[in-house]
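Novice: would you be able to build a 3D model of this:
(2 chains)
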Amino acid sequence: MSDLTAGILFIVSMFVVLALVYVPLGDYMYRVVNRERHLRVERGIYKLIGVNPSGEQSWRAYARSVLAFSLISLLFLYLFQRVQNGLWLSLGFPAVAPDLSWNTAVSFVANTNWQAYSGESTMGHLVQMAGLAVQNFVSAAVGISVAMALIRGFSRKLTDQLGNFWVDLVRITLWILLPIAFISAIVLIAGGVVQNLSAGTDVQTIAGSTQHVTGGPVASQEAIKELGTNGGGFYNANSAHPFENPASWTNWLEVFLILLIPFSLPRTFGRMVGSNKQGYALLSAMAIMAIASVVLVNAFQGIHHGTVPMAVGAATEGTESRLGVYNSATFASATTLTSTGAVNSFHDSYTALGGAIPLASMMLGEVAPGGVGSGLYGILILAIITVFVAGLMVGRSPEYLGKKIGAREVKLASLYILTTPTLVLFGTGLAMALGGERASMLNTGAHGLSEVLYAFTSGANNNGSAFAGLSANTVWYNTAIGLAMLLGRFLPIVFVLGLAGSLARQKLVPESDGTLRTYQPLFVGMLVGVTLIVVLLTYLPALALGPLAEGVH
Amino acid sequence: MRLPSWIAAHLTALRAVILFTVLLGIAYPLVLVGIGQIPGLAGRADGSLVTFKGAKVGSARIGQLFTDNSGNPLVQYFQPRPSAAGDGYDPTSTSASNLGPESVVDTLPNPADSSDTGTQSLLTQVCSRSLAVGKLEGVDGSRPFCTSDGIGAVLGVFHRDGATGPVTRAVSLNQACPAKPFIARYRNTPVECARFGADYAKAVVTPIRGSAPARPRVPADAVTASGSGLDPQISVDYAHLQAPRIARERGTSVATVRRLIDKYTTGRALGFLGKPAVSVLPLNLALDRQFPKRAT
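Specialist: Below you'll find the predicted structure:
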């Protein structure tokens, strides 16, 4: 079988299996979130943390709970790193520096998992498993919770009640993330991912030198890192490391875990708003953009345009033998279409256009399918913008799922859309204006700009992957990208919850002859169009100076 | 007494963070560490360590160097890919090169400072590796965009009107003087060697394709670093390229070595996942067991 045929079969098999689990997993998540009864173990947890599970929250209370939980998580993770040298399993590493601790704490709490550090030489096992990996679970659960609150805004009427954040958080963590991560971790161990508490083994190699073979609780972290669209690697080399991704089939499994929840949530959405067709419409828009991205990255990497790839004869720099160029390209696409940011090959060494597509995939705002929860609320915001644009075209006041999209809704949606581009372009511009920060670029010229643009795009969109040549572990970048990640995560969450609150207060408008059918292909096409126009055009000047300048000549 | 709601929310958050830390940060990974000790999984969970003559010699999943103290390849062993992890295959410093597709211009060493070795572009690294592998295996190591002495063939071309117009001057950017440029003339302009510290910023960087075959004899993975820097495997092509040398050094036939290569080749999982590749450490250990090379 040729490499190309095998690469295509990888993609086809992925989408077939995702299609097969769409209904069962989407329905399962619907039942978990909407179950009336509280299980005994859940009641025990609510008692321990001191919440009344039947007390529903207004959007303000829901937002306050999200922010309080994230703030405490942030402080906890910061302190954990600052004192790691005094803790068990520190492997002799010193306390993490203040700026790096801040950056890493924000990064993991914001579901970004940007890494300005090398795991194997910075973080002890305890910080990794009891600090970072815990946030892999709960930051993912926060994203799904917020999406659920927004859906309730559409499905409920004349109320200010959006559910209870603590109930959502506990149920999503316990019954969705934990079981899938647990089973996947066992499968990964069987594939060769390490899971131990060893400080490593010193061996004498055949050639007579010494090598320190590292250990660590990797499988437990690897599983949730992909499933929760987090992406922070246990090791610097992330999922390219043979101990994180040892075989061609573990690579398939990891891509599958990345896409699993984001692609199934539209089903949950459809069930909650009482129309599965609406779920299929969002799924179609996501899938169209995702397939385009996957095909383009594979094509550009396969054609391997560019001086060095042409000298080599293939775009193999930064890729692993067992994974090959095509499966690496598919991973690169999946990780940037979602908010994952794990990498199994190094995007900095991709062909100019092969590296531009992952960058553009993040710039889409990660809605195809996006991060767990964040992808769904992101595309719902774009759906609101789409019905607004459609309403302007025909001169009719826009509505979506029976809710009127008025001035307040459009303002909140616009604020959401404007947040990340502002952070990305302002951050990149500032870095470029400062000589010391420009010096962090590994590559020169257009490719160097791509490194910085990629860093801020990745941070503000909560992706976390990198054009890893940039030396980002400096006080300036740690602070600036930390701010981009924090604001890029929590400002949109507040806007989304505010929107949910204002939608829930409305009454339902009955469907009439003039209502835009938001489950038909016309709407799907418009949604894709609006996404590309609104989001990508914002970035076109920056893209033109970076990857396009490098790739088109 | 009722606390203000914003304080209550933070107290709830604190208790939730502690609870999740115990459940997801301690219990979940430790249960998996326990499951990893079940027979059948234990070897893998512990790092797939390989024992030879009673001593641990490495991990089957982590590549290692087969070079002597001065960094020259040990000819009796299959050689792995180039590595950007530390000084090569260092698991405490995993890394890719992160050099981009247009990393083609070297930083020349300062002739006044003997400790300055300059910085090689990715193109020059690829060219010099290709030449070295070609020499080791006795095949043509030439590649497109490479000079015959294994340097990136890149000119800095000055035009009359900036990026356009007639050529006024051409410099071979990666060949420090007094080297003889790889081509004498470019568009009727004599090509100069490059001087350290000279300003070539206005020149258009122009890689020269040259006459090397489009499909070089030295395979792609032999001249490019992996993503992790720990790639335990090489392509089947690269293994076959090395087979005659191994057969010669080990005093056996090429056919026998090829059979061994087949034995240590991981095919595509399920027939279509990933790419077939050869595991270097297990293969070299098999060689040492079956065809031990007498100390010379």
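
Novice: near chain A, which residues of the stretch 101-250 of chain B?
Specialist: B:101-105, B:122-123, B:126-127, B:143-146, B:152, B:207, B:214-216, B:219-221, B:223-235 (CB under 8 Å from any CB of the partner chain). Bear in mind the C-beta positions are built from the backbone N, C-alpha and C, glycine included.

Novice: which of the three states applies to B:I234?
Specialist: Of the three states, B:I234 takes strand under DSSP: H, G, I helix; E, B strand; the rest coil.

Novice: got the contact list for it?
Specialist: B:I234 is in contact with A:321, B:78-81, B:221-222, B:277-278, B:280, counting by CB atoms under 8 Å, 6 or more residues apart in numbering or on different chains.

Novice: same check, this time on A:L423
Specialist: A:L423 is in contact with A:456, A:459-460, A:483-484, A:487-488, counting by CB under 8 Å, 6+ apart.

Novice: how about the strands in the chain?
Specialist: Let's take chain A. Assigned by DSSP state E, the strands in chain A fall at A:201-204, A:210-213, A:399-400, A:403-404.

Novice: look at chain B instead
Specialist: Read by DSSP E, chain B holds these strands, from start to end of the chain: B:49-52, B:55-59, B:154-161, B:164-176, B:185-186, B:189-194, B:204-207, B:233-235, B:265-266, B:277-279.

Novice: what strands line up against the longest one, and which way round?
Specialist: In this case it means strand B:164-176. Strand B:164-176 has the following sheet partners, assigned by DSSP bridges: strand B:154-161 (antiparallel), strand B:189-194 (parallel).

Novice: do the same with the first one
Specialist: For strand B:49-52, the pairing partners within the sheet under DSSP bridges are strand B:55-59 (antiparallel).

Novice: helices of the stretch 201-350 of chain A, start to end?
Specialist: All helices of the stretch 201-350 of chain A, identified by DSSP state H, counting those that start in this stretch, fall at A:218-227, A:248-272, A:276-303, A:307-312, A:324-337.

Novice: and the residue of chain B that's closest to chain A?
Specialist: B:G274 (2.3 Å; CB to the nearest CB).

Novice: contacting residues for that residue?
Specialist: The contact partners of B:G274, by CB under 8 Å, 6+ apart, come to A:6, A:247-249, A:251, A:322-324, A:327, B:268.

Novice: again with A:Y235
Specialist: For A:Y235, the contact set (CB under 8 Å, 6+ apart) comprises A:118-120, A:214, A:218, A:241, A:243-244, B:94, B:228.

Novice: same thing but 6 Å
Specialist: With contacts defined as CB atoms under 6 Å, 6 or more residues apart in numbering or on different chains, the neighbours of A:Y235 are A:119-120, A:241, B:94.

Novice: which parts of chain B belong to which domain?
Specialist: As given by automatic domain parsing, the domain ranges for chain B are B:43-97+B:225-296, B:156-196.

Novice: send the alpha carbons of stretch A:220-235 over as PDB?
Specialist: The C-alpha trace of stretch A:220-235 is given here as PDB (Å, rounded to 0.1, in the frame of the first residue of the first chain):
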ATOM      1  CA  SER A 220      -2.800   8.700  33.000                       C
ATOM      2  CA  GLN A 221      -1.900  12.200  31.800                       C
ATOM      3  CA  GLU A 222      -1.700  11.400  28.100                       C
ATOM      4  CA  ALA A 223      -5.300  10.000  28.000                       C
ATOM      5  CA  ILE A 224      -6.900  13.100  29.500                       C
ATOM      6  CA  LYS A 225      -4.500  15.500  27.700                       C
ATOM      7  CA  GLU A 226      -6.100  14.400  24.400                       C
ATOM      8  CA  LEU A 227      -9.600  13.700  25.600                       C
ATOM      9  CA  GLY A 228      -9.900  17.100  27.300                       C
ATOM     10  CA  THR A 229      -8.300  18.900  24.400                       C
ATOM     11  CA  ASN A 230      -5.600  20.100  26.700                       C
ATOM     12  CA  GLY A 231      -2.400  19.200  25.000                       C
ATOM     13  CA  GLY A 232       0.300  19.800  27.600                       C
ATOM     14  CA  GLY A 233       2.900  17.100  27.100                       C
ATOM     15  CA  PHE A 234       4.500  15.200  30.000                       C
ATOM     16  CA  TYR A 235       7.700  15.600  28.000                       C
END
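
Novice: can you put the strands of chain A in a markdown table and add distance to A:T173?
Specialist: Below are those laid out as a markdown table (distance: least, CB to CB, whole Å):
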| stretch | distance to A:T173 |
| --- | --- |
| strand A:201-204 | 34 |
| strand A:210-213 | 33 |
| strand A:399-400 | 30 |
| strand A:403-404 | 29 |
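
Novice: which of those strands sits most buried?
Specialist: Burial among the strands of chain A, expressed as mean neighbours by mean count of other CB atoms under 10 Å in any protein chain shown, is greatest for strand A:399-400, which shows a mean of 24.

Novice: quick one: strands adjacent to it?
Specialist: strand A:403-404 (antiparallel).

Novice: burial check on residue 216, number of neighbours?
Specialist: Since you didn't name a chain, this refers to chain A. Neighbour count of A:G216, defined by other CB atoms under 10 Å in any protein chain shown: 29.

Novice: let me rephrase: I mean chain B.
Specialist: Around B:P216 there are 24 residues (other CB under 10 Å).

Novice: coming back round to it: out of the helices of the stretch 201-350 of chain A, nearest to A:Q135?
Specialist: Nearest of the helices of the stretch 201-350 of chain A to A:Q135, taken as CB to CB: helix A:218-227 at 9.7 Å.

Novice: spatially central residue in the chain, please.
Specialist: Unless you meant another one, I'm taking chain A. Centrality entry for chain A: nearest residue to the mean C-alpha point is A:S339, 1.4 Å, by CA atoms, centre = their mean.

Novice: look at chain B instead
Specialist: For chain B, B:A225 is the residue whose C-alpha lies nearest the centre (CA atoms, centre = their mean; 1.7 Å).

Novice: hang on, that residue packs against B:P82?
Specialist: Yes. Between B:A225 and B:P82 there is a contact at 4.6 Å, judged by CB atoms under 6 Å.

Novice: which sections of the stretch 1-150 of chain B are below the confidence cut-off?
Specialist: Applying pLDDT under 70 to the stretch 1-150 of chain B flags residues B:1.

Novice: brain fart, chain A
Specialist: Applying pLDDT under 70 to chain A flags residues A:553.

Novice: distance of the residue nearest to the centre of chain A from A:M485?
Specialist: 11 Å (CB to CB, to the nearest Å).

Novice: end-to-end on stretch A:113-131?
Specialist: With CA to CA, to the nearest Å as the measure, stretch A:113-131 spans 12 Å from end to end.

Novice: still on that earlier bit, got a winner among the contacts of A:L423 for most neighbours?
Specialist: A:G459 (35 neighbours).

Novice: sorry, back to before: got a list of what the residue nearest to the centre of chain A touches?
Specialist: By CB under 6 Å, 6+ apart, the contact set of A:S339 is A:229, A:366, A:371, A:374, A:462-463.

Novice: of those, which pair is most distant in space?
Specialist: Largest separation among those by CB to CB: A:S374 and A:N463, giving 10.5 Å.

Novice: who's more crowded, the two?
Specialist: Neighbours per residue (other CB under 10 Å) separate A:S374 from A:N463, with A:N463 holding more: 33 against 30.

Novice: how many residues are close by the residue lying closest to A:L415 once chain neighbours are set aside?
Specialist: Spatially, and ignoring its direct neighbours in sequence, A:L415 is nearest to A:F495 (5.1 Å; CB to CB, 6 or more residues apart in numbering or on different chains). Number of residues near A:F495 (other CB under 10 Å) recorded here: 22.

Novice: can I assume A:L470 is in contact with A:A455?
Specialist: Yes. Using CB under 6 Å, A:L470 is in contact with A:A455, at 5.5 Å.

Novice: who has more neighbours out of the two?
Specialist: Counted by other CB under 10 Å, A:L470 and A:A455 do not tie: A:A455 has more neighbours, with 28 against 25.
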